[in-house]
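Asks: Fold the stuff below for me.
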Amino acid sequence: MLVAKYDEAARNGDVEDWTSNDDIGARFAGEVLSPAEYYRVEDRYVDFVRSLATACGVTEFVIRAPTVSKSLPPWVPLLRSGLVVDPETALKLIRRMLRIGDLSCVLCAGDDLTVGVETDFYLSVQADDEKLAESARRFGLHLYPAGGWSWFDPDGGVAVLGELGERFPQDVRRLCGAGRPVVVLERWANGPGGERWHLLEAADGLDWTLGLPSGVALAALPGVRIKWAPRRDVVSDIGVGLGDEEPVVVVARPQPDVGSALEAVVFSGGVHHVEEADLPLGGELGWFAYPDVGDVSGRSLAGVIPGKEGRVDALWDADLTLIR
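Replies: This next block holds a predicted model:
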């Protein structure tokens, strides 16, 4: 079901109503939306989910289908599929999805309760019909039918990424060359805020990769060659080396205290969107075209960190796009 503050008139567009906190200060039906009114309604949504979770006996939620568009504050956990969070953390995530929209995920509690935040200030909820109706009534929210939705089960036309084995470090060095640097993409959620780039020099080991949380996807990319340039020249170098709209990754060299991790900024719109102020810190920067990670998925160079007893907590396709 869809859950929202809108009555039928507002839902049908007969009455103007606001749809996000971006509307604060605008006028609707003769009234200016104030911050206090926005927060009051936001609280109703969060309290509705809290009430419903209590009614359903939920003590924890599992994160599914996370997407992260940018770096998140420290209180937000590493949003990976299969991560278990307590109800209070789940409510904080719902509030952030309603208010800011820099992350999205579906919160699942088995067959008892599933909650997601949709566009235009709607919630998608699956729960017992009576408990759902009672909680919605209590907080003055309205229910509307939604098309059935379930996790995507890939058919034979979708290549699914397999799990990484203990030989992943040896396979990478064998296939990429023991004496060559290798770029590795680590991804735990869809979106640019859900990935990290690593530069492994010839002497660097890869054993640390097998200690990553379950559900994280990795891809070693032997075809990527980082082009280094002084900071003042990097934007012009990208303009010469890439097409105008080709996505590009700009990186700073790894710092000693962070191991192989690169400070990276992805410009998905190409060189025209590269601004000097948005570049990573550092006097020398590197860049490379955003790679096609599907090229390596069938060569023991990409896979998913397994969970306990080999259980896979996330389903990724061969292009390192999270399915669920």
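Asks: right, and the helix or strand after the helix or strand hosting residue 46?
Replies: Applying DSSP states H and E as the criterion places residue 46 in helix 35-55. Counting by DSSP H and E, the element after helix 35-55 in chain order, helix or strand, is strand 61-68.
Asks: Measure how far that following strand is from the centre of its chain, please.
Replies: A distance of 8 Å separates the C-alpha centroid of strand 61-68 from that of its chain, computed with Cα atoms, centre = their mean, to the nearest Å.
Asks: where exactly do the strands run in the stretch 1-150 of the chain?
Replies: Along the stretch 1-150 of the chain, counting by DSSP state E, counting those that start in this stretch, strands occupy 2-4, 27-28, 31-32, 61-68, 84-85, 103-109, 113-118, 122-127, 142-144.
Asks: Of all these, which one is nearest residue 290?
Replies: For residue 290, the closest of the strands of the stretch 1-150 of the chain is strand 61-68, at 16.9 Å, according to Cβ to Cβ. To be clear about C-beta, it is placed using only N, CA and C from the backbone, and glycine gets the same treatment.
Asks: coming back round to it: figure out how far the helix holding residue 46 is from the centre of its chain.
Replies: 24 Å.
Asks: Please apply the same query to stretch 271-291.
Replies: 22 Å.
Asks: Low-confidence regions, this protein specifically.
Replies: For the chain, the stretches flagged by pLDDT under 70 are 147-159, 202-204, 257-258, 297-298, 309-312.
Asks: Report the central residue of it.
Replies: Nearest to the mean C-alpha position of the chain, by Cα atoms, centre = their mean, lies residue 67 at 2.2 Å.
Asks: partners of that residue in the sheet?
Replies: Beta-bridge pairing of residue 67 under DSSP bridges involves residue 104, residue 190.
Asks: May I have the helix holding residue 46 as CSV, with CA atoms only?
Replies: This file holds the C-alpha atoms of helix 35-55, laid out as CSV (Å, rounded to 0.1, in the frame of the first residue of the first chain):
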residue,chain,number,x,y,z
PRO,A,35,9.4,24.8,8.7
ALA,A,36,7.4,24.0,11.9
GLU,A,37,4.5,22.6,9.8
TYR,A,38,6.8,20.6,7.6
TYR,A,39,8.5,19.0,10.7
ARG,A,40,5.1,18.3,12.3
VAL,A,41,4.0,16.3,9.3
GLU,A,42,7.3,14.6,9.0
ASP,A,43,7.0,13.5,12.6
ARG,A,44,3.6,12.0,11.8
TYR,A,45,5.2,9.8,9.2
VAL,A,46,8.0,8.7,11.5
ASP,A,47,5.6,8.1,14.4
PHE,A,48,3.3,6.1,12.1
VAL,A,49,6.2,3.7,11.1
ARG,A,50,7.2,3.4,14.8
SER,A,51,3.6,2.5,15.8
LEU,A,52,3.3,0.0,13.0
ALA,A,53,6.6,-1.6,13.8
THR,A,54,5.6,-2.0,17.5
ALA,A,55,2.2,-3.4,16.5
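Asks: May I see the buried residues of that helix?
Replies: For helix 35-55, the neighbour count (16 or more other Cβ atoms under 10 Å) marks 38, 41-42, 45-46, 48-53, 55 as buried.
Asks: what angle do that helix and strand 61-68 make?
Replies: For helix 35-55 against strand 61-68, the angle between stretch directions is 140 degrees (axes from the mean of the first three to the mean of the last three Cα atoms, to 10 degrees).
Asks: Does helix 35-55 pack against any helices or strands, and if so which?
Replies: Of the remaining helices and strands, those touching helix 35-55 by 3 or more Cβ pairs under 8 Å, 6 or more residues apart in numbering; DSSP states H and E are helix 87-99, strand 113-118, strand 122-127, helix 129-138.
Asks: Relative to the second one, what are the paired strands and their orientations?
Replies: To tie it back to what came earlier, the one meant is strand 113-118. With DSSP bridges as the test, strand 113-118 pairs up with strand 103-109 (antiparallel), strand 122-127 (antiparallel).
Asks: so which of the ones you listed gets nearest residue 4?
Replies: Here strand 122-127 is closest among the strands paired with strand 113-118 (Cβ to Cβ), at 4.8 Å.
Asks: how about the strands of the stretch 201-324 of the chain, start to end?
Replies: Secondary structure of the stretch 201-324 of the chain (DSSP E, counting those that start in this stretch): strands located at 217-221, 227-230, 248-252, 263-267, 284-289, 302-304.
Asks: and the ones you listed as a markdown table, adding mean neighbour count?
Replies: Below are the strands of the stretch 201-324 of the chain laid out as a markdown table (neighbours: other Cβ atoms under 10 Å):
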| stretch | mean neighbour count |
| --- | --- |
| strand 217-221 | 25 |
| strand 227-230 | 13 |
| strand 248-252 | 22 |
| strand 263-267 | 19 |
| strand 284-289 | 20 |
| strand 302-304 | 25 |
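Asks: Point out the one among the ones you listed that comes closest to residue 205.
Replies: Comparing the strands of the stretch 201-324 of the chain by their distance to residue 205 (Cβ to Cβ), the top pick is strand 217-221, with 13.1 Å.
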